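Peer 1: prediction below, plus the sequence it came from.
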Protein chains: 2
Amino acid sequence: MKIWFNGGLCEESQARVSVIDHGFLYGDGVYETLRVHRGRPLFLREHLARLRSSCRLIRLPLPWPGSLLARRARKTLLANRLEEAVLRMNVSRGPGPVGFDTRDCKTPTLVMMERPLPDYPPALFKQGVTAAVVKTRRNHPLCLPPEAKSTNCLNGILAKQEAVRLGAFEGILLNLSGFVAEGTVSNVFAVRAGRLLTPHRSCGLLAGVTRNVIIRLARKEGIVVREVEMTLSEFARSSEVFLTNSLFGVMPVTKFAVIVSGAKQSRRVGDGKVGPVAKLLAERYRRAIGVFF
Amino acid sequence: MKIWFNGGLCEESQARVSVIDHGFLYGDGVYETLRVHRGRPLFLREHLARLRSSCRLIRLPLPWPGSLLARRARKTLLANRLEEAVLRMNVSRGPGPVGFDTRDCKTPTLVMMERPLPDYPPALFKQGVTAAVVKTRRNHPLCLPPEAKSTNCLNGILAKQEAVRLGAFEGILLNLSGFVAEGTVSNVFAVRAGRLLTPHRSCGLLAGVTRNVIIRLARKEGIVVREVEMTLSEFARSSEVFLTNSLFGVMPVTKFAVIVSGAKQSRRVGDGKVGPVAKLLAERYRRAIGVFF
């Protein structure tokens, strides 16, 4: 794969950052993950806007206009010629003296890399996946704003490790108040009494590009959508649950993996089958982006 | 400077990590900062023990025994021949596929780098420094254990940015319950009614190697030491405050920088002079490690 590295394209083996890059020393950076469909990046404008907003939240001055980043993204895609893929844009604080003083880092490091789209077997969408509500809680906005998509990902990584141990496709994190926040790499939706519920931004989450699209699509279908504070027991009583992110779009959750008295148990979501709201919105989303899985 | 990079020493310009190293992608790694005095690392055993404990907390299998890491540290120091310096040991999750699944990363990346000791002018120790209590709160143990010295440092970096804006030497973070936790790169001590107080580990902090030494030294001097929950107003009424870390040892705080109604103000700690407990322990610490600044 060719990688955009600072000023130009290079081979992956050449794309190496200095050990004093604050991205490596401190995870001091931001990123975006874009779905590439038929060789084109989806929702590029929205992702570039969020990249800028993430930078603002950690006070990382982004020296490139969006138009330049878009051109570089397109050059990266053209060089790799993948049809269905993932594009990761990464901006780190760049090299600088060891220490937390960000004024010492003069030049951010820009990396754009592409990967083939992960394999999501059709059975996942048809039968739904298992999600685990993990013990790790989502970062508190006063500690590290979850709205900044930063490369400080250990919170999500610890949650993912729990999910893996439970054999789950995704880990869902509560916030410190006990309300559902989001998945490690996805947003969460639930259906109760015919309404589509999703955690409010005030719960501390990254409001994904796909989350926003799904809310719009649902309202267009006449579905009542509410951003709410949802306790775990309310969440567990949902008739449907699904996850959204840029890569898989809408992923139905039909089972919860839980630990009861130290033992792993599996519980059905609703009747254990993919529900009508998830089905409808998955189809509408695919149509909206022109992707048919 | 020569750098230990995975299996051997190299020039700094050669010490470059892959852009798919999870240390760079996600800040997924741990580190230690050691004081080097007369060419030798201080408290090497304690730092190696904490490196291992940090690894355990983020479930990063450390493939090297302490004795091997110690040998490599000594080789790095020998190659650079600095007398008074800082040694940073860094272990990242290593290269792997993009994504939070840590099982995919097979080989951690090891970096040991040395830097000359930062310049701490004697006036800082004589007159004391300014500390700012910042708005950013310390990471909650349920989100990211502060006892893991991980390379997810944005929480401290955001706090440091606030301290810099306030012209302070260090930023002090409260935890989410409002109790004093620690500085961005230091532990905090206060003196009240002749007792030496420091935030309890349960407040969510990294119990520094120097913190532990200072507690031992103070008790040896007959000083009552208590690990406590300390509110900001209790903290502000201390007769003395000082910071500890491996690099500067004991640093007296004689002023607080605070924001009152949007304006920066400066407030004295106690009588605004370096107090007797800080002086005594700074001297004892220097004697213990054989360093005379």
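Peer 2: That came through fine.

Peer 1: CA atoms only: put stretch A:113-128 into PDB for me.
Peer 2: Output of stretch A:113-128 as PDB, limited to C-alpha atoms (Å, rounded to 0.1, in the frame of the first residue of the first chain):
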ATOM      1  CA  MET A 113      -3.200   5.200   4.800                       C
ATOM      2  CA  GLU A 114      -5.600   2.800   3.100                       C
ATOM      3  CA  ARG A 115      -6.600  -0.700   3.800                       C
ATOM      4  CA  PRO A 116      -9.000  -3.100   2.200                       C
ATOM      5  CA  LEU A 117     -12.400  -3.000   3.900                       C
ATOM      6  CA  PRO A 118     -12.500  -5.500   6.800                       C
ATOM      7  CA  ASP A 119     -14.500  -8.600   6.000                       C
ATOM      8  CA  TYR A 120     -18.100  -8.300   7.400                       C
ATOM      9  CA  PRO A 121     -19.700 -11.600   6.400                       C
ATOM     10  CA  PRO A 122     -23.300 -11.100   5.300                       C
ATOM     11  CA  ALA A 123     -24.400 -13.400   8.100                       C
ATOM     12  CA  LEU A 124     -23.500 -10.700  10.600                       C
ATOM     13  CA  PHE A 125     -26.000  -8.400   9.100                       C
ATOM     14  CA  LYS A 126     -28.600 -11.100   8.700                       C
ATOM     15  CA  GLN A 127     -28.400 -12.700  12.100                       C
ATOM     16  CA  GLY A 128     -27.000  -9.800  14.100                       C
END
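
Peer 1: in it, what's buried?
Peer 2: Residues A:113, A:114, A:115, A:117, A:125, A:128 are the ones in stretch A:113-128 that count as buried (16 or more other CB atoms under 10 Å in any protein chain shown). Every residue, glycine included, has its C-beta placed from N, CA and C.

Peer 1: list the contacts of it.
Peer 2: Stretch A:113-128 is touched from outside by A:1-4, A:12, A:15, A:35-36, A:76-77, A:80, A:82, A:84-88, A:90, A:169, A:247-248, A:251-255, A:269, A:273-274, A:278, A:282, A:293, B:19-20, B:97-99, with contacts defined as CB atoms under 8 Å, 6 or more residues apart in numbering or on different chains.

Peer 1: hmm, back to that, and the two most separated of the buried residues of stretch A:113-128?
Peer 2: Using CB to CB, the buried residues of stretch A:113-128 span at most 30.6 Å, a distance reached by A:113 and A:128.

Peer 1: and the helices in the stretch 1-150 of chain A, which stretches?
Peer 2: A:22-26, A:44-57, A:66-80, A:122-127 (DSSP state H, counting those that start in this stretch).

Peer 1: next, see if the one helix or strand residue A:254 maps to gets close to chain B.
Peer 2: According to DSSP states H and E, residue A:254 maps onto strand A:249-260. No. Using CB under 8 Å from any CB of the partner chain, strand A:249-260 stays clear of chain B, coming no nearer than 15.1 Å.

Peer 1: any idea of the mean pLDDT for that strand?
Peer 2: The average pLDDT for strand A:249-260 rounds to 94.

Peer 1: before we move on, back to that, looking at the buried residues of stretch A:113-128, which one is closest to residue B:70?
Peer 2: Nearest to residue B:70 out of these is residue A:113 (CB to CB; 36.3 Å).

Peer 1: model confidence for the closest one, exactly?
Peer 2: Residue A:113 is given a pLDDT of 98.

Peer 1: what's across from it in the sheet?
Peer 2: For residue A:113, the beta-bridge partners are residue A:88 (DSSP bridges).

Peer 1: flag the shaky bits of chain A, pLDDT-wise.
Peer 2: The model of chain A has pLDDT under 70 over residues A:291-293.

Peer 1: can you map out the strands along the stretch 101-250 of chain A?
Peer 2: Counting by DSSP state E, counting those that start in this stretch, the stretch 101-250 of chain A has strands at residues A:109-116, A:129-133, A:170-174, A:180-183, A:187-192, A:195-199, A:225-228, A:240-245, A:249-260.

Peer 1: which one of the ones you listed lies closest to residue A:45?
Peer 2: Set against residue A:45 and scored by CB to CB, the strands of the stretch 101-250 of chain A come closest in strand A:109-116, at 16.0 Å.

Peer 1: OK, contacts around residue A:144?
Peer 2: Counting by CB under 8 Å, 6+ apart, residue A:144 touches A:150, A:152, A:155, B:139, B:154, B:155, B:158.

Peer 1: mind picking the two most distant members of those residues?
Peer 2: Among the contacts of residue A:144, A:155 and B:158 lie farthest apart (CB to CB), at 14.6 Å.

Peer 1: more neighbours: which of these two?
Peer 2: Neighbour comparison, residue A:155 and residue B:158: the larger count goes to residue B:158, with 28 against 23 (by other CB atoms under 10 Å in any protein chain shown).

Peer 1: now that one: closest residue in space, sequence neighbours ignored.
Peer 2: Excluding its sequence neighbours, the residue lying closest to residue B:158 (CB to CB, 6 or more residues apart in numbering or on different chains) is residue B:136, at 4.7 Å.

Peer 1: count of residues packed around the residue of chain A found nearest chain B?
Peer 2: Chain A approaches chain B most closely through residue A:27 (1.8 Å), counting by CB to the nearest CB. Using other CB under 10 Å, residue A:27 has 29 neighbouring residues.

Peer 1: repeat that for the one 10 residues further on.
Peer 2: Residue A:37 is surrounded by 15 other residues when neighbours are defined as other CB under 10 Å.

Peer 1: residue A:280 now?
Peer 2: Per other CB under 10 Å, the neighbour tally for residue A:280 reads 15.

Peer 1: compute the inter-axis angle for the helix or strand harbouring it and strand A:249-260.
Peer 2: Per DSSP H and E, residue A:280 falls inside helix A:276-289. Inter-element angle recorded for helix A:276-289 and strand A:249-260: 140 degrees (by axes from the mean of the first three to the mean of the last three CA atoms, to 10 degrees).

Peer 1: wait, what's in contact with residue A:89?
Peer 2: A:31, A:32, A:34, A:47, A:51, A:69, A:73, A:110, A:111, A:112.

Peer 1: still on that earlier bit, for PyMOL, write a command that selects the buried ones of the contacts of stretch A:113-128.
Peer 2: Command for PyMOL that selects the buried part of the contacts of stretch A:113-128, burial taken from 16+ other CB under 10 Å:
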select buried, (chain A and resi 2+3+4+15+35+36+76+77+80+82+85+86+87+88+90+169+247+248+251+252+253+254+255+269+273+274+278+282) or (chain B and resi 19+20+98+99)
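
Peer 1: just to revisit the earlier point, tell me the most buried of the helices of the stretch 1-150 of chain A?
Peer 2: Of the helices of the stretch 1-150 of chain A, the one with the most neighbours on average (mean count of other CB atoms under 10 Å in any protein chain shown) is helix A:22-26, at a mean of 30.

Peer 1: can you give the contact residues for that one?
Peer 2: A:17-19, A:28-29, A:90, A:92-96, A:98, A:100, A:102, A:105, A:109, A:151, B:17, B:21, B:23-24, B:27, B:31, B:90, B:92, B:151-154, B:157.

Peer 1: now do 7 Å
Peer 2: A:17, A:28-29, A:92-94, A:96, A:98, A:105, A:109, A:151, B:17, B:21, B:23-24, B:27, B:151, B:153, B:157 (CB atoms under 7 Å, 6 or more residues apart in numbering or on different chains).
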